[in-house]
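In: I'll drop the sequence and a predicted model, then ask my questions.
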Amino acid sequence: MKYRRLGSTELKVSVVGVGTWQFGGDWGKAFTQREVDEILDKAYELGINLLDTAECYGPHHRSETFIGDYLSRRGRDRWVLATKFGHHWEDKWQHDWSAASVHRQLDESLKALQTDYIDLYQFHSGDNDVFDNDELWTMLDKQVQEGKIRNLGISIGSNDNLHQTSKAKELNAKAIQVVYNRLDKKPETRVFPSCIEQDLGVLARVPLASGFLSGKYKPGAVFEDNVRKNRDRTDMDAQLAEVETIAREEVPQGTDMATWALAWCLKHPAVTTVIPGCKSPEQVEANAASASLELVKDDHPQAWKA
């Protein structure tokens, strides 16, 4: 495993993390605590130290609760823990960006995660109107001073949201989370240059393009999960056809496409880490292998220097 400094923070994070949206149940599988334990044990064994979750990954902080149960038995100090805010549960998840509500969300996340502090607390894909809220950011800065939050971050909903990215340093946010993969390179145009200029860490989410870059699917594939089954059929088939071309023309022979796709993200100088989801220890192992590909350089601008 390789490690990089996350922006201007004190955090040394593995270049491959574990995205935990799937633990919430919306990916078409209901996880048990034992299955979560096996996935996270494998991640730790392979040198992965970054877990990315959110308040709304499953009802009643389900993903955070799985992780908290695991941390209570395996130890908190070994992990860099990132979560998010902006929603509360009332029969379904509701957007809620008021300072008072986010304060409650923070306390609920700390309880679910069974921890006294969060390493990276991220604004969760809200629009610019709710983002531009001085009261919210003042409250969050106070939580940083009190030690409940180590660092603030922004998970931008649009991967071309320069408004939020450009204000990060002003708001004492030190990392940007954004959709970035071989099929969606939009952040390279405006978001990544701003991140480099401000020395922001970058967490690349959806690095396998919702599984399209796994190489498992052909045009016409049928999906049953809540993410892909309602997407436009023509658009999906066009992307899957593009994946076939990428596999033929760009992926080295004998290299797993998913492993290559993660390494492809990591070669960009703005990107600190990728946070793919995973359903099994075997997928964790395949994801971790991307750190060893030649594309991922030790002399990356954000590489950790001892």
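Out: Cool, the structure landed.

In: can you map out the strands along the stretch 101-250 of the chain?
Out: Listed in chain order, the strands of the stretch 101-250 of the chain (DSSP state E, counting those that start in this stretch) span 120-124, 152-155, 173-179, 201-205.

In: Ile67: which of these is closest?
Out: Set against Ile67 and scored by Cβ to Cβ, the strands of the stretch 101-250 of the chain come closest in strand 120-124, at 13.8 Å. C-beta coordinates here come from the backbone N, C-alpha and C atoms, glycine included.

In: okay, that closest one in CSV with CA atoms only?
Out: Extracted in CSV, the C-alpha atoms of strand 120-124 (Å, rounded to 0.1, in the frame of the first residue of the first chain):
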residue,chain,number,x,y,z
LEU,A,120,-12.9,14.4,8.1
TYR,A,121,-16.4,15.8,8.3
GLN,A,122,-17.8,16.6,4.9
PHE,A,123,-20.6,18.8,3.5
HIS,A,124,-22.7,16.3,1.6
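
In: Mind listing residues that contact that strand?
Out: 6, 9, 11, 54-56, 80-87, 106, 131, 140, 143, 149-155, 164, 173-175, 177 (Cβ atoms under 8 Å, 6 or more residues apart in numbering).

In: ok, the residue nearest to Leu213 when sequence neighbours are not counted - contacts?
Out: Spatial nearest neighbour of Leu213, excluding adjacent residues (Cβ to Cβ, 6 or more residues apart in numbering): Ala261 at 4.0 Å. By Cβ under 8 Å, 6+ apart, Ala261 lies in contact with Asn181, Arg182, Pro207, Leu208, Ala209, Leu213, Ser214, Ser290.

In: Quick check: the gap between Tyr44 and Gln302.
Out: In this view, Tyr44 and Gln302 are 22 Å apart by Cβ to Cβ, to the nearest Å.

In: ok, these two, which is more surrounded?
Out: The neighbour comparison of Tyr44 against Gln302 (other Cβ atoms under 10 Å) goes to Gln302, with 22 against 17.

In: Run a quick neighbour tally on the spatially closest residue to the more buried one that is not a sequence neighbour.
Out: Spatial nearest neighbour of Gln302, chain neighbours left out: Arg4 (4.3 Å); criterion: Cβ to Cβ, 6+ apart. By other Cβ under 10 Å, 23 other residues sit near Arg4.

In: which element is Arg4 on?
Out: Using DSSP states H and E, Arg4 maps to strand 3-5.

In: before we move on, the earlier item: okay if I get the strands of the stretch 101-250 of the chain as JSON lines plus mean neighbour count, distance to Ser101 and mean pLDDT?
Out: Shown next, in JSON lines, are these (neighbours: other Cβ atoms under 10 Å; distance: least, Cβ to Cβ, whole Å; pLDDT from 0 to 100):
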{"stretch": "strand 120-124", "mean neighbour count": "26", "distance to Ser101": "12", "mean pLDDT": "97"}
{"stretch": "strand 152-155", "mean neighbour count": "25", "distance to Ser101": "17", "mean pLDDT": "98"}
{"stretch": "strand 173-179", "mean neighbour count": "25", "distance to Ser101": "19", "mean pLDDT": "98"}
{"stretch": "strand 201-205", "mean neighbour count": "25", "distance to Ser101": "24", "mean pLDDT": "98"}
